[in-house]
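Participant: Generate a structure from the sequence data that follows.
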Amino acid sequence: MGPLDAFWHLLNFFAPALGVGLLVPLLAKLVWRRELKGVPWRRLAAWTTGLSALTWVVALVVFGRDGRMASYGALVCASALSLWWVGFGARAR
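Facilitator: Numbers count the residues shown, from 1 in each chain. Sure thing, here's the model as predicted:
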């Protein structure tokens, strides 16, 4: 595997975490417009993307391969937890 192939492989591995990390805060800002008015979208996206990527790596280590349904479930739970923590929890204050 060459360097370009390795780059594309890593990009495709982290694509679900990046997609969830960018799309979920956008939708949360639309749904909870008043409640999340004081929290910048970049902050929500950074925390959600970071925790989603970390969850994706942990799921790879635990399950031994990527793309398992439990990995996607953990990804959804991690993104919801990060949105709650940053938008509504202790980090919001």
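Participant: Let me see the ranges of the strands in the protein.
Facilitator: Counting by DSSP state E, the chain yields no residue ranges for strands.
Participant: where's L81 relative to L75, distance?
Facilitator: 11 Å (CB to CB, to the nearest Å). Glycine gets a C-beta too; all of them are placed from N, C-alpha and C.
Participant: which one of those two has more residues nearby?
Facilitator: Taking neighbours as other CB atoms under 10 Å, L81 and L75 compare with L75 leading, 22 against 15.
Participant: Next up, the contacts around that one.
Facilitator: By CB atoms under 8 Å, 6 or more residues apart in numbering, the contact set of L75 is 16-17, 20, 52, 55-56, 59.
Participant: at 7 Å instead, please
Facilitator: 16-17, 20, 52, 55-56 (CB atoms under 7 Å, 6 or more residues apart in numbering).
Participant: Among the residues you listed, which ones are in helices?
Facilitator: Counting by DSSP state H, the contacts of L75 place 16-17, 20, 52, 55-56 in helices.
Participant: Most neighbours among these, which one is it?
Facilitator: Using other CB under 10 Å as the neighbour criterion, S52 leads the ones in helices among the contacts of L75 with 25 neighbours.
Participant: Residues in contact with stretch 23-37: which ones?
Facilitator: For stretch 23-37, contacts defined as CB under 7 Å, 6+ apart pick out 41, 44-45, 48, 79, 83, 87-88.
Participant: now stretch 25-43: how far from the chain's centre is it?
Facilitator: 15 Å (CA atoms, centre = their mean, to the nearest Å).
Participant: cool, and stretch 24-31?
Facilitator: The chain centroid and the centroid of stretch 24-31 are separated by 13 Å, computed with CA atoms, centre = their mean.
Participant: Can you point out the buried residues in it?
Facilitator: 24-25, 28-29 (16 or more other CB atoms under 10 Å).
Participant: For stretch 8-20, which outside residues touch it?
Facilitator: 49, 52-53, 56, 66, 75, 79.
Participant: Report the distance from it to the chain centre.
Facilitator: Distance of stretch 8-20 from the chain centroid (CA atoms, centre = their mean) equals 10 Å.
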